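[1] pasted the sequence and its predicted model underneath.
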Amino acid sequence: MFDGYIICGTPRTGSTLLCDLLASTKVAGNPDSFYRRQSISWWAGEWNLPSPDTMSSDEFNILFLEAAIRAGKGETGIFGLRLMRENLDELSAILDRIYPGLPSDRARFEKAFGKLLYLHLSREDKLAQAISLVKAEQTGLWHIAPDGTEIERVAPPQAPQYDFARIRQEVAELESYDAAWNSWFEEQGIIPLRLFYERLSAEPAATLIRICEALGVPAPNAADVRPGVAKLADETSLDWMRRYRSDLKAAS
């Protein structure tokens, strides 16, 4: 039996869909990006934590960790955390200050969160992933519900513009993040449960059941699983893929 899990991801791999599915079970935690650097102040306010200015950074980090664990468990006994590769080193550094002297990232994480299942969520089609990321950044729209309702918008609507250089940069960066996760798993002696966006988006119930079985918590009936997040890929995405492949061939 695990005490919790960490979704080890990169942007645009379906992590929001997966977090929503896990939370919907009511037995598998309430995962979110508690240690995303841009969101720490927001979470601290959400949890009514004292201002960091009123205490030392170590005291704040301890209070934040305790609140994150409560939030990540929800009303369940399982803690869930979504962690992007870019935030891994920062979280490890925070835990190292709270629990000094431990020999590895894995030791620090398990001291803080208990026995963990590591879920490596990646996307096989890195070009599609990069295009999804560039489009979201340009349009400001990151997630929609199955009925088309906007779930997360971070900027006013703006028409997307094809950008070969930007997409190429993102493909390389996303590949490096996945490679970095794999190197970290090897260094830490971790064998993760490997999940792929393509399977998650096509068969969300099967992916959710697989995770619940690995965690040792009751799995839902497949017919009862209702994804709350829909794909944003459209004809523009397909057009960009065609143009990118053509431009890449020309640039080679």
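    Good, I have the coordinates. Residues are numbered from 1 along each chain as shown.

[2] strands of the protein, residue ranges please.
    In the chain, the strands defined using DSSP state E lie at 4-9, 79-84, 116-122, 141-144, 150-153, 193-196.

[3] now these as CSV including mean pLDDT and distance to Ser39?
    (C-beta placed from N, C-alpha, C; glycine too.) Shown next, in CSV, are these (pLDDT from 0 to 100; distance: least, C-beta to C-beta, whole Å):
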stretch, mean pLDDT, distance to Ser39
strand 4-9, 98, 15
strand 79-84, 98, 11
strand 116-122, 98, 19
strand 141-144, 89, 13
strand 150-153, 88, 12
strand 193-196, 98, 23
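
[4] among those strands, which is the most enclosed?
    strand 4-9 (a mean of 26; mean count of other C-beta atoms under 10 Å).

[5] dump it to CSV, restricted to CA.
    Extracted C-alpha coordinates of strand 4-9, given in CSV (Å, rounded to 0.1, in the frame of the first residue of the first chain):
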residue,chain,number,x,y,z
GLY,A,4,0.9,8.7,-2.1
TYR,A,5,2.1,9.3,-5.6
ILE,A,6,3.9,11.9,-7.7
ILE,A,7,2.8,12.5,-11.3
CYS,A,8,6.2,13.2,-12.9
GLY,A,9,5.3,15.1,-16.1
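
[6] begin at 413 from here
    Right, with 413 as the first residue, what we last looked at is strand 416-421.

[7] just checking, what packs against it?
    Here strand 416-421 touches helix 427-436, strand 491-496, helix 497-510, helix 517-525, strand 528-534, going by 3 or more C-beta pairs under 8 Å, 6 or more residues apart in numbering; DSSP states H and E.

[8] of all these, which one is nearest Gly601?
    Among these, the nearest to Gly601 by C-beta to C-beta is helix 517-525 (6.9 Å).
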